[in-house]
Structures are given as C-alpha cells and as structure tokens.
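**Student:** sharing a sequence plus its predicted fold:
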Amino acid sequence: MLWGFCVGSFVVEKNSLRVTSPNSLKGVYDCAIGNFGVPQHRGTTFGFVIYPKANQKACKSFDHVDIAFKAKPGSLPTFLLADRGDCCFALKVWRAQNSGAAAILIADDMIEPLISLATPEEENADFGYLQNITIPSALISKPFGDSIKKGLSSGEMVMAMMNTGSA
C-alpha cells in the first residue's frame with residue numbers, strides 16, 4: 001500500500017492595528033488583511049471606529065438605513081466595525097467603501113486563528129467591484145472586536161491607526 005502526504009503552509013497576510021484611545025484598549029493588535037482590491041502602498045490610515053446600530057454585518061447597502069461614514073471637512077476618517085458572517089468579506093468592504101468609510105475592521109464571530117480576507121470564489125457570481133475596492137480592510141479577533149464594541153457601547157471614542165501597505 002502506498003501512503004503519501006503533503007507538507008505545505010497557508011500564508012496569512014497579517015498587519016497590525018494600533019489603538020491610540022481609549023486607554024483601556026491602547027496597544028497594537030494583529031489583524032489579517034484582504035488580498036483583493038487596489039493595493040495601498042506605504043501609508044497609514046488614522047480614524048475613529050464606528051459600530052453601526054443597523055446592518056452590523058455590512059452585507060446590505062447603508063443607503064437603506066440612511067448612514068454615511070464619509071468624514072466631514074476637518075474631521076477624522078471613519079473605520080467601520082462590522083461583524084463577520086452572512087456575505088463575503090469583499091462585499092462588506094465594498095459596502096463600507098460606498099458608504100464613505102476610510103477602512104473596515106471585520107470582527108471574527110468565533111475564537112480562531114486569523115485568516116486572510118480572501119477573494120470570493122463563488123461560481124456564477126458578479127464580483128466586478130473587486131478591482132474598484134480601494135480602502136484597507138482587516139479581520140480582527142473576536143475578543144478584540146468584543147472589546148471595541150464594549151468600549152463604544154459605554155460611550156468611549158475608539159481611535160485607531162492601520163498601516164495600509166508593505167514597506
């Protein structure tokens with residue numbers, strides 16, 4: 001009998017997210033970045049995090065709930081915090097971008113190692129928007145996402161910085 005095995009590795013494209021406030025969340029956290037859209041090169045995006053009351057999984061357009069995340073002149077950009085599930089990562093990013101968010105953080109829905117936000121592979125689906133995605137995206141761990149939600153629900157302003165490309 002012939003037995004074979006395969007040795008390989010799956011590379012998760014990681015980045016870091018720095019939370020600058022509140023003090024209870026200050027620190028640098030690992031996140032997994034998306035492998036789709038227009039790559040960003042050597043930059044940093046800084047903004048405040050918002051977790052919407054409606055459309056928390058960001059699978060629908062935010063037009064139907066009359067929410068826009070575009071920063072007003074002189075104010076900081078918005079990072080949308082969305083929950084994982086119900087639709088592909090790329091669609092969540094596209095919805096966030098169309099609503100004016102500068103970046104999107106997707107909170108995992110289970111405790112597990114981080115995975116890359118992959119290009120969708122569903123057959124017969126129209127993913128023509130993939131080449132038009134320009135905002136950075138990251139998957140964050142469930143515990144970190146829960147901590148951000150807790151801070152926001154208690155009225156704290158969560159400020160974060162994300163590197164938007166490789167050096």
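**Tutor:** That came through, no problem.

**Student:** helix or strand right after the longest helix along the chain?
**Tutor:** Longest helix in the chain, counting residues (DSSP state H): helix 142-153. In the C-terminal direction, the helix or strand that comes right after helix 142-153 (DSSP states H and E) is strand 159-163.

**Student:** and the angle for that following strand with helix 142-153?
**Tutor:** Calculated by axes from the mean of the first three to the mean of the last three Cα atoms, to 10 degrees, strand 159-163 forms an angle of 140 degrees with helix 142-153.

**Student:** list the contacts of the residue most central in space within the chain.
**Tutor:** In the chain, the residue lying closest to the centroid (Cα atoms, centre = their mean) is Leu105, at 2.6 Å. Going by Cβ atoms under 8 Å, 6 or more residues apart in numbering, Leu105 touches 17, 31, 49, 79-82, 137-138, 140, 145, 148, 160. To be clear about C-beta, it is placed using only N, CA and C from the backbone, and glycine gets the same treatment.

**Student:** how about 6 Å then?
**Tutor:** Contacts of Leu105 were listed using Cβ atoms under 6 Å, 6 or more residues apart in numbering, and they are 79, 81, 138, 140.

**Student:** mind checking pLDDT for it?
**Tutor:** On pLDDT, Leu105 comes in at 97.

**Student:** same question, Leu114
**Tutor:** Per the predicted model, pLDDT is 87 at Leu114.

**Student:** ok, it to Leu81 distance?
**Tutor:** 16 Å (Cβ to Cβ, to the nearest Å).

**Student:** those two: which is more packed in?
**Tutor:** The residue with more neighbours, out of Leu114 and Leu81, is Leu81; 25 against 17, by other Cβ atoms under 10 Å.
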